[in-house]
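Engineer: sequence-free structure coming up:
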């Protein structure tokens, strides 16, 4: 900043200098406020400036009485504040100047010439009074010079005149002689007696036994002695409930509504928006808008606020050069344009929108962020009351609406059992010994029986679910556990079996769904002795040629691959079952009774290991190798499958089908 520009700016600042009121103790410091503006009227950049202050005994020339500086003065948004006398005491020098009634303050910024001087206000002259405190006193009488018996003759009741004790006029010795002014006969009797009863034209007094009506309070006494009454509601402010209740009751509430945060795009004329929704709170006593943002420079940020009725308020318009803007409108910060105080007395319900624009190109991307946008409303509630403490009621609480006990409703525990009679019907108490809740029916205290927690529709501790019923077979069981396969309960519409475990290969598969037996293309071809639906394996026996063996299986089924078979029946086990068990799920086992024809019915066959010998459940049955083309024939052994099967060796095949 060049010298001419700085001088003009400081000239504006010096014109605004003003001393604040002095403290009662006659301080030796003088506070000074000012503003530093650029030629265009805008604030100079924030920072520290070197300033020298001088006090002279004349507006120009004269004698320099006091000087201080250079002193570093901080400038913020063009304004500054400093205190004179911090380094060089003011008292003695200023006392000399004020003796002549004139003291002029000069200001010099850095190496610039001193600006035109300004006369000091009256407050600093109070420093002159401090001189009196140091004056010597000659001929003064102090408390130590007085005898403690000095007033004895004046305060002994025996030495007092009678009238001083009684206050009666007739006890006055040497009554005043008014004869020089008025004849004694012309004096009113009260002038001689001093008695109220001798007073004529008695002033009107308040009428005894009168009172203001209901809802009224005494405001004063009228000329005729009657009471001047006023309505209590007219004298108590709307928010005065806290005053008369010593802070225990409150119908004034302060609520804040946040609009979130958002990055500020660099040099984007479209800008970004934030929105703070305000519900229906009632009439506003106060309303404020707070904003906290960071940026490269507040000198390039413009903030506009739009109320629910679309009224526009210009909050900030490229002012200052700070990196942080933390403001609250309308107090302590004033909007550039618009008056937010007009919302007092109105309902601020609706959406409050903040528009943020970065007006100057920078590095691109985002230039800072709005960290917070909050609308705060102080309202006077007409349907809500806050009790700051315990509410003790000796009578009856009548609730026309709901009692919302957000933190629970606690019933006191008493050691004394109150009477249960017609006057106490419905009363509730807690038995402190049994820990039971009792209710009075008009004759006896009866114990309340509570329903089981499960089924009450409330998710209590230890419950996985609660669907408000005790149905055992729905999605939430009768013990409030989520239904699942393996819990031993067949879930209606979901499961067809549930044997209490998740083991595959037993009576109920791990899917808890039993598949229908019709796995063969021809129903009558299903062989019951070889059917184990739990494993999704069925033997289809008919006249199938190798070329059409896949035709043995129904839709959704196909000829078992060796890997599928081994997964279902490890070596040494085979499908169980007998002819009488057609359609009944059978468990695979290593020993079973053969009841399906050759070689001998009723004979027990075992395959506890692969070398046990003949296996009728394997012999002459067909699978496919894992490649899906090689046909495998059961060898009749407990574990083996013969891979030497050749086309045309059989046209009457029994094929094992597995579910896809």
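Structural biologist: Received, thanks. The model shown is predicted, which means the values in this text are computed figures rather than measured ones.
Engineer: How about the top strand by length along the chain, which residues are buried there?
Structural biologist: When the chain is parsed with DSSP state E, its longest strand is strand 366-380. Neighbour-count burial for strand 366-380 flags 366, 367, 368, 370, 373, 374, 375, 376, 377, 378, 379, 380 (criterion: 16 or more other Cβ atoms under 10 Å). Any C-beta I mention is one placed from the backbone N, CA and C, and that applies to glycine too.
Engineer: so what pLDDT did the third one get?
Structural biologist: What it means is residue 368. Residue 368 carries a pLDDT value of 91.
Engineer: going forward, begin numbering at 80 instead of 1
Structural biologist: Renumbered: residue one is now 80, and that last one reads residue 447.
Engineer: Could you look up the SS state of the nearest residue to residue 405 once chain neighbours are set aside?
Structural biologist: With Cβ to Cβ, 6 or more residues apart in numbering as the criterion, residue 405 has its nearest non-adjacent residue at 4.8 Å, and that residue is residue 371. Following DSSP: H, G, I helix; E, B strand; the rest coil, we place residue 371 in the strand state.
Engineer: Quick check: beta-bridge partners of residue 371?
Structural biologist: Per DSSP bridges, residues listed as beta-bridge partners of residue 371: residue 405, residue 451.
Engineer: so it makes contact with residue 433?
Structural biologist: No: using Cβ atoms under 8 Å, residue 371 is not in contact with residue 433; the gap is 11.7 Å.
Engineer: okay, and the common contacts of these two?
Structural biologist: residue 449 (Cβ atoms under 8 Å, 6 or more residues apart in numbering).
Engineer: quick one, which of the two is more surrounded?
Structural biologist: Ranked by neighbour count (other Cβ atoms under 10 Å), residue 371 and residue 433 place residue 433 first, with 25 against 16.
Engineer: dump the residue contacts of the more buried one.
Structural biologist: 338, 352-355, 368, 370, 382-385, 449, 452.
Engineer: Now secondary structure and distance to residue 399 too, for those, in TSV please.
Structural biologist: Listed next are these as TSV, based on DSSP: H, G, I helix; E, B strand; the rest coil; distance: Cβ to Cβ, whole Å:
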residue	secondary structure	distance to residue 399
338	coil	23
352	strand	23
353	strand	21
354	strand	26
355	strand	24
368	strand	18
370	strand	14
382	strand	12
383	strand	17
384	strand	18
385	strand	23
449	strand	17
452	strand	19
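Engineer: Relative to residue 519, which of these is nearest.
Structural biologist: Using Cβ to Cβ, residue 355 comes nearest to residue 519 of the contacts of residue 433, at 51.3 Å.
Engineer: which residue packs closest to the closest one, ignoring adjacent ones?
Structural biologist: That would be residue 338: by Cβ to Cβ, 6+ apart, it lies 3.5 Å from residue 355.
Engineer: Touching, the one you found and residue 353? I think so.
Structural biologist: Yes: shown here, residue 338 and residue 353 form a contact pair, counting by Cβ under 8 Å, at 4.1 Å.
Engineer: hmm, back to that, let me know how buried the residue nearest to residue 355 is, in neighbour terms.
Structural biologist: 21.
Engineer: Now name the helix or strand holding the residue nearest to residue 552 when sequence neighbours are not counted.
Structural biologist: In this structure, residue 552 finds its nearest non-sequential neighbour in residue 571, 4.4 Å apart by Cβ to Cβ, 6+ apart. For residue 571, there is no helix or strand it lies in under DSSP states H and E.
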